[in-house]
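Asks: Here is the input, now give the coordinates:
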Amino acid sequence: MTGAMTEHNDDDTAREHPERWYAEKEFLLLLHRLRHLPPSERAYLQGQFTLDLVNEPCVVDTSIGPLSFVLLGRASAGRAMSLLTKQPATIHWIDAFQPESVFWDVGANVGAYTVYAARRGAKVVAIEPAAVNLFLLAANCEANRVDDRVQCLMLGLGNVTGVAQLDVSQLMPAASFKFKGKGAQPLPTHQAALTISMDRLIEEYGVACPHYIKIDAPGFTEDIITGGARTLQRPDVRELHIELREASKRGRRIADLLHGHGFEITGRDSHGGSTDVTFARSTTR
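Replies: Residues are numbered from 1 along each chain as shown. Model prediction:
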């Protein structure tokens, strides 16, 4: 039955998307031929083919012009192609930034929002602890010629300085990873990552204080907020955009912390079982 279904789906693809079907067949044939080459010849050709593909980025048309994204795996393609549609409220939020603002993209992954914000004129601090994602993040900044506007930092934000274990596979580019003990389904492979607080990163290392902060670090958001207590008291910090489950105990604690720092909720956007919540500094305090 499975073989019949596969053949049926293959026929549908050939009929509806002939160019894609032909490209897939050619690629499978190429892989077959590579596997039967002597190791030295395969290494040379496979290395060259991989580099050629990396240098053929996916182009996404936006209101600020085309953006290019380096592809390694389907997840990276999905993040590129869904830039404008997955979380449109995040795009609208970035569109409202004041010129030359400093934007911290915490949990930047491969940098889709980093690149978009930088192209719009923001100065970006992009924070991503996973090595495989940091490569794509930096490569995407280079591909879009915004590397002079972006600091790509391979670290995790938290409330302590140290070395933590990240549950990560370097063979799963563009996936979302969590620090050890923060995820429900830990991976069997790990990577060490430096963690530091927002306050120390600014006060001791001279990283620019943000005007806008996006936090996409499930399980670590509360630590990031507590580690930025002094920073969040600065009037420079205008807004935060956080993926948050408001009804949970942790979500309520995070909201209370930000209210204590003078922020109020000004927007919500639900998507995929979670909500992006925007906090803006209250004008009444």
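Asks: thinking residue 136 is in contact with residue 114, fair?
Replies: No - Residue 136 is beyond contact range of residue 114, at 10.8 Å (criterion: Cβ atoms under 8 Å). Placement of C-beta: from N, CA and C, glycine included.
Asks: Need the pLDDT of the nearest residue to residue 228 once chain neighbours are set aside.
Replies: Excluding the flanking residues, the one nearest residue 228 by Cβ to Cβ, 6 or more residues apart in numbering is residue 198, at 3.3 Å. On pLDDT, residue 198 comes in at 99.
Asks: Residue 198 contacts residue 233, doesn't it?
Replies: No - Residue 198 is beyond contact range of residue 233, at 11.6 Å (criterion: Cβ under 8 Å).
Asks: out of these two, which sits in the busier spot?
Replies: Legend: neighbour count by other Cβ atoms under 10 Å for residue 198 and residue 233, higher for residue 198 (27 against 12).
Asks: residue contacts, that one?
Replies: 157, 224, 227-228, 231 (Cβ atoms under 8 Å, 6 or more residues apart in numbering).
Asks: what's the spacing between it and residue 189?
Replies: Applying Cβ to Cβ, to the nearest Å, the value for residue 198 to residue 189 is 28 Å.
Asks: so where does residue 275 fall, helix or strand?
Replies: Counting by DSSP states H and E, the element that carries residue 275 is strand 274-281.
Asks: Which elements pack onto that strand?
Replies: Counting contacts by 3 or more Cβ pairs under 8 Å, 6 or more residues apart in numbering; DSSP states H and E, strand 274-281 is packed against helix 88-95, strand 239-244, helix 249-260, strand 263-271.
Asks: now that we have the contacts of residue 198, which one has the most neighbours?
Replies: Of all the contacts of residue 198, the highest neighbour tally under other Cβ under 10 Å goes to residue 228, namely 29 neighbours.
Asks: Show me the strands in the stretch 51-200 of the chain, by range?
Replies: Remark: strands assigned in the stretch 51-200 of the chain by DSSP state E, counting those that start in this stretch are 58-62, 65-69, 102-106, 123-127, 150-153, 156-158, 162-167, 178-179, 190-197.
Asks: could you check the angle strand 58-62 makes with the second one?
Replies: Okay, so that is strand 65-69. On the basis of axes from the mean of the first three to the mean of the last three Cα atoms, to 10 degrees, strand 65-69 is oriented at 150 degrees to strand 58-62.
Asks: Buried residues of strand 65-69, list them for me.
Replies: Neighbour-count burial for strand 65-69, counted by 16 or more other Cβ atoms under 10 Å, picks out 67-69.
Asks: Put the alpha carbons of stretch 246-266 into PDB.
Replies: The C-alpha trace of stretch 246-266 is given here as PDB (Å, rounded to 0.1, in the frame of the first residue of the first chain):
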ATOM      1  CA  GLU A 246      -0.100  34.500  29.500                       C
ATOM      2  CA  ALA A 247      -2.400  32.100  31.300                       C
ATOM      3  CA  SER A 248       0.500  30.000  32.700                       C
ATOM      4  CA  LYS A 249       2.100  30.700  36.100                       C
ATOM      5  CA  ARG A 250       5.400  31.600  34.400                       C
ATOM      6  CA  GLY A 251       3.600  33.800  31.900                       C
ATOM      7  CA  ARG A 252       1.900  35.700  34.700                       C
ATOM      8  CA  ARG A 253       5.200  36.100  36.500                       C
ATOM      9  CA  ILE A 254       6.900  37.500  33.400                       C
ATOM     10  CA  ALA A 255       4.000  40.000  32.900                       C
ATOM     11  CA  ASP A 256       4.200  41.000  36.600                       C
ATOM     12  CA  LEU A 257       8.000  41.600  36.300                       C
ATOM     13  CA  LEU A 258       7.600  43.800  33.200                       C
ATOM     14  CA  HIS A 259       4.700  45.700  34.900                       C
ATOM     15  CA  GLY A 260       7.100  46.300  37.800                       C
ATOM     16  CA  HIS A 261       9.600  47.800  35.400                       C
ATOM     17  CA  GLY A 262       7.000  50.200  34.000                       C
ATOM     18  CA  PHE A 263       5.700  48.300  30.900                       C
ATOM     19  CA  GLU A 264       2.100  47.600  29.900                       C
ATOM     20  CA  ILE A 265       0.600  45.300  27.300                       C
ATOM     21  CA  THR A 266      -0.200  47.100  24.100                       C
END
